[in-house]
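J.: The sequence isn't on hand, but the structure is:
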């Protein structure tokens, strides 16, 4: 059986090939960054296939500039965030509510969901891949959670899956916004296997030809296309030593005692990101370590509302760290964000705590139905 599903969004291509539901993110000029229509189309396809006995598994990939693969997903549409916030557009609220519900659906999908994380896999791209039954990287994978770079926090379930990386590696990834390759993604347990880039199209077609998708079949299929990943380079011992601290200020102090290029680069990243949002991010991941995914996503939904309207600090719209970060890094591109406060030493526990206060009673929370 082969057939395309109708989609109201041309940036999401869906097709059933044999027993496999195939999804291609089709916004290559924007590195497949997710828009609200794309999120809605993804959710619609997954829900339809979840209840269709003829579909036994789902695979997702991105369209590159020269054809399929080459880029998975660069995250959410940041320019939309900025524009929607300035005009008070309710679709900004819808975006995060529906994106986080989609992330939850992926993590709890009852059929094998296979993510081809080739090329750029960042932010929202991680949200639609980390819950996969099989997370495939390639030698050209560039993975990151870059939200702290723009004064945001690693959402899309980042507080849950980054908290489960070994050796405080998830905290390092979140706080620095650094990019890692396939070897380090495997070492951080954010990927399962590395496939040969040159064989991706063949692997995709062979997957669609399978008659069953049980673990043994999938294992045999991936072994046909597996390749050795680039060597992991992260100093996990040093990360564990430096990031095992009560707050970001103490992490910085621990890094100052380290020697070498890695410590220098890490210090540089932490000194350029929003001090308040760094402390909020660390608290998010530490809380997420003891939470169920649904509860962690509800917490993120509370947090992101504060990011664009930081009521407990009386900062709204363009006055927030998040909007200032987007302005400096994406809109004006002057790379000179004016963070408030400017130093880690000036961040108080009360400033951080306000991000974890919900705007909604439990019965009215926009993600109340997640289980």
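T.: Alright, I've got the coordinates. For clarity, every value in this text was computed on a predicted model and none was experimentally measured. Numbering: from 1, shown residues only.
J.: any idea which element the nearest residue to residue 187 once chain neighbours are set aside lies in?
T.: Spatial nearest neighbour of residue 187, excluding adjacent residues (CB to CB, 6 or more residues apart in numbering): residue 232 at 4.1 Å. No exception for glycine: its C-beta is placed from N, CA and C like everyone else's. In the assignment (DSSP states H and E), residue 232 maps to no helix and no strand.
J.: which ones are touching residue 232?
T.: With contact taken as CB atoms under 8 Å, 6 or more residues apart in numbering, residue 232 is in contact with 183-184, 186-187.
J.: ok, so of the residues you listed, who is nearest residue 251?
T.: residue 184 (19.2 Å; CB to CB).
J.: which residues touch the closest one?
T.: With CB under 8 Å, 6+ apart, residue 184 has these contacts: 143, 232-234.
J.: Using TSV, lay out those residues together with distance to residue 364 and pLDDT.
T.: Formatted as TSV, these follow (distance: CB to CB, whole Å; pLDDT from 0 to 100):
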residue	distance to residue 364	pLDDT
143	36	98
232	45	96
233	47	95
234	42	97
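J.: is it possible to export those to JSON lines including distance to residue 154?
T.: As requested, the contacts of residue 184 are arranged in JSON lines below (distance: CB to CB, whole Å):
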{"residue": "143", "distance to residue 154": "12"}
{"residue": "232", "distance to residue 154": "21"}
{"residue": "233", "distance to residue 154": "21"}
{"residue": "234", "distance to residue 154": "17"}
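J.: For the residues you listed, which single residue is the most surrounded?
T.: For these, counting by other CB atoms under 10 Å, the largest number of neighbours falls to residue 143: 25 neighbours.
J.: what ranges do the strands span in the stretch 1-150 of the chain?
T.: Secondary structure of the stretch 1-150 of the chain, counting by DSSP state E, counting those that start in this stretch: strands at 2-4, 12-17, 20-25, 57-64, 67-68, 113-117, 120-122, 134-137, 142-144.
J.: lowest-confidence stretch among those strands?
T.: Mean pLDDT per stretch puts strand 2-4 lowest among these, at a mean of 58.
J.: how close does residue 89 get to residue 308?
T.: 11 Å (CB to CB, to the nearest Å).
J.: Now do the helices in the stretch 1-150 of the chain.
T.: Per DSSP state H, counting those that start in this stretch, the stretch 1-150 of the chain carries helices over the ranges 36-50, 78-86, 91-107, 124-127.
J.: Which of the ones you listed comes out lowest on mean pLDDT?
T.: Looking at the helices of the stretch 1-150 of the chain, the weakest mean confidence is helix 78-86, a mean of 93.
J.: residues making contact with that helix?
T.: The contact list for helix 78-86 (CB under 8 Å, 6+ apart) reads 33, 35-36, 89, 91-92, 95, 150, 308, 317-318, 322-323, 326-327, 330-331.
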